[in-house]
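1. quick one: sequence and predicted model below, then my questions.
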Amino acid sequence: MSFIASGSYSNGLKIYKSSDLELYSTIKKSWFSGSLISIFNSENQLILEIKESRFFGSKFKIIFKHNSILKRQFLIKDSNLANSELIFENNDKITLARKWIPLVNPYSKIIYNEKVIGKVKMNIFSLERNYEINLNHAQTEIELYLLILFLCTESNVNFE
């Protein structure tokens, strides 16, 4: 299972599966109160809105969640340095474990409950951000939540 994510710096991302749009994010920046990240599905339905504040790691506060699409309860944690995590109410956990040496093959491992299930590769030699998200096997029960974690933690990244 493979996805492509792309977008300009600090301006949201779009995620495609076989050239079909799956999800996309938009960013509204506010210098003192953090950024508002909105995530939409392919039918332009708002499915999640999160307030992100950055200061020695990101803090995420869910402002709106479309409960008929996102049925499970969760929270998101991001250290900005090593790992991003989406933790469900039953303590199941999706982790993006960053393995990044500047200019040398930056990527993240995708881990679900301590088992590596895929990898995210980043193309750093581009005017836009381009990612390849690869899952070892179809993970239909967590796929949407994995993509949401990715959008929440990568949409507002700024490499200026």
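-> On my side now, so go ahead. These numbers come from a predicted model, not from an experiment.

2. can I assume I39 is in contact with Q45?
-> No - in this structure, I39 is not within contact of Q45 by CB atoms under 8 Å, at 9.8 Å. In short, each C-beta sits where N, CA and C put it, glycine included.

3. neighbour count: those two, which is higher?
-> I39 (26 against 11; other CB atoms under 10 Å).

4. pLDDT at the more buried one, what is it?
-> I39 carries a pLDDT score of 97 in this model.

5. equivalent analysis for L86, please.
-> pLDDT, L86: 95.

6. and what of R54?
-> For R54, the model assigns a pLDDT of 69.

7. and what of the one 10 residues further on?
-> The score at F64 is 96. That number is its pLDDT.

8. isn't there a helix covering it?
-> No - in this structure, F64 is strand, not part of a helix, as judged by DSSP: H, G, I helix; E, B strand; the rest coil.

9. pretty sure it contacts Q45?
-> No - using CB under 8 Å, F64 is not in contact with Q45; the gap is 11.4 Å.
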